[in-house]
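Q: here is my input, please return the structure:
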Amino acid sequence: MKEKFVTVFGSSIPRPGDAEYETAFQLGKRFAENGINVCSGGFQGIMDAVSKGAVENGAKAIGVTLGLYNSIPSGYLTKEIRCNSLFERLEKLLEIGDAFVVLQGGTGTLLELSLVWEFMNKGLMNEKPFVCHNSMWKNIVEIMEKQILKEKRKSGLIKCFDDVNDCADFVISKLR
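A: Reported below is the predicted structural model:
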């Protein structure tokens, strides 16, 4: 059976001890405990936390990095894939993911959310489990869903959860 990977998107800003970091760590841990590996952008913050949670609990953590950022990769990666352009990096993050989780983040995370959503909506990739955590994304998704319905496109591709354990449960149930 093919190994499963969840691509997790989120901010590079949170540090150990921050609520967002601990949330991502718990998510990585939950996936690992259920035999699921993680993939992320491979740097610090949420990417480091989810990788740490996975690796410390027996799973793999792939980091898809970009030299342009001149950042330090997470020390928890079991594999680093270095990309030469942002577009190559985004393509690789989508290609590896059997599911996608969007955690707290800024414009880069918004870009990633939008890209996955667009690719699924337009049939450029198969539909896969796709979840967001926190009220910021929930508000954005609700606004966009109204427009998607108005345009008669496929709605309901993203599930939003307030509790990260509910995100994990949903993804785990879909990947079994």
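Q: isn't Gln104 right up against Asn134?
A: Yes: at 5.8 Å, Gln104 counts as touching Asn134 under the criterion of CB atoms under 8 Å. In short, each C-beta sits where N, CA and C put it, glycine included.
Q: higher neighbour count, these two?
A: Comparing Gln104 with Asn134 by other CB atoms under 10 Å, the one with more neighbours is Gln104, at 23 against 19.
Q: residue contacts, the residue lying closest to that one once chain neighbours are set aside?
A: Nearest residue to Gln104, sequence neighbours excluded (CB to CB, 6 or more residues apart in numbering): Glu20, at 4.7 Å. Contacts for Glu20 (CB atoms under 8 Å, 6 or more residues apart in numbering) come out as Gly10, Ser11, Pro14, Gly45, Ile46, Ala49, Leu103, Gln104.
Q: what about the strands in the protein?
A: Assigned strands in the chain, in chain order: 5-9, 37-40, 61-66, 79-83, 99-102, 130-133, 159-161 (criterion: DSSP state E).
Q: okay, these, which one's buried deepest?
A: With neighbours taken as mean count of other CB atoms under 10 Å, the strands of the chain reach their highest mean count in strand 37-40, at a mean of 30.
Q: check the offset of that one from the chain's centre.
A: Taking the mean of its C-alpha atoms, strand 37-40 sits 8 Å from the chain's own mean (CA atoms, centre = their mean, to the nearest Å).
Q: roughly how far apart are the spatially most central residue of the chain and Arg89?
A: Geometric centre of the chain, nearest residue: Val8, 1.9 Å, by CA atoms, centre = their mean. When distances are taken as CB to CB, to the nearest Å, Val8 and Arg89 turn out to be 14 Å apart.
Q: how about the helices of the chain, start to end?
A: Along the chain, counting by DSSP state H, helices occupy 19-33, 46-55, 86-96, 107-121, 135-150, 164-175.
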